[in-house]
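Undergrad: This is a predicted model, with the sequence first.
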Amino acid sequence: MASDIEVYSGHDFGEKMSFTVGISYMTASIIGFWKGAFEGRPKDFSMPKKLLLNNFFNSVGKRTSTFGQAAASASLMYYFMASGLNLLFEDELANFNQTTKNIICGALTGGLYKSTLGIVPMFVGSVVGGTLIGSLTLLVDQLNEKGYVAFEMKF
């Protein structure tokens, strides 16, 4: 019988990829919704109601789509990077624990994501990517031990 982790995170490449991209898209879209709602709230109510609602919904729509698409593309790059590392460097990465593998993959993905902007943004993207994925891996491991979530962050 399959464990809960396998049931929720998928068995094959497509299921795992859609799970990873879907969760990150939805999470970032929710964050973007709240940022857009905060930015789009009216400062003064002297404008007509139609303009107030238009400004609010424009701000919410812009931030929701921007955050969601950025997170989905980054997680898709992370998943392809992880699959590529696992395929090409399986023996070299065998001695590392899962958190270290995720940090390496997150750093490489962050660097690739920001590589078109120059050397300094690429370095910053690597640091942010490694830190974000490392902390997310530790958080998911803690929540998994407590039984709050039923998936692992591994490639």
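TA: Received the coordinates, thanks.
Undergrad: Can you give me the distance of the nearest residue to residue 114 once chain neighbours are set aside to residue 94?
TA: Distances taken as Cβ to Cβ, 6 or more residues apart in numbering place residue 125 nearest to residue 114, at 3.2 Å, with adjacent residues excluded. (C-beta placed from N, C-alpha, C; glycine too.) Counting by Cβ to Cβ, to the nearest Å, the gap from residue 125 to residue 94 is 27 Å.
Undergrad: quick one, which of these two is more surrounded?
TA: Using other Cβ atoms under 10 Å as the criterion, residue 125 and residue 94 rank with residue 125 on top: 22 against 8.
Undergrad: If you count neighbours, what's buried in the host helix or strand of the more buried one?
TA: Using DSSP states H and E, residue 125 sits within helix 119-146. By neighbour count on 16 or more other Cβ atoms under 10 Å, the buried set for helix 119-146 is 121-122, 125-126, 128-130, 132-134, 137, 140-141, 144.
Undergrad: One more: stretch 47-67?
TA: Buried residues in stretch 47-67, counted by 16+ other Cβ under 10 Å: 52, 55, 56, 59, 60, 63, 64, 67.
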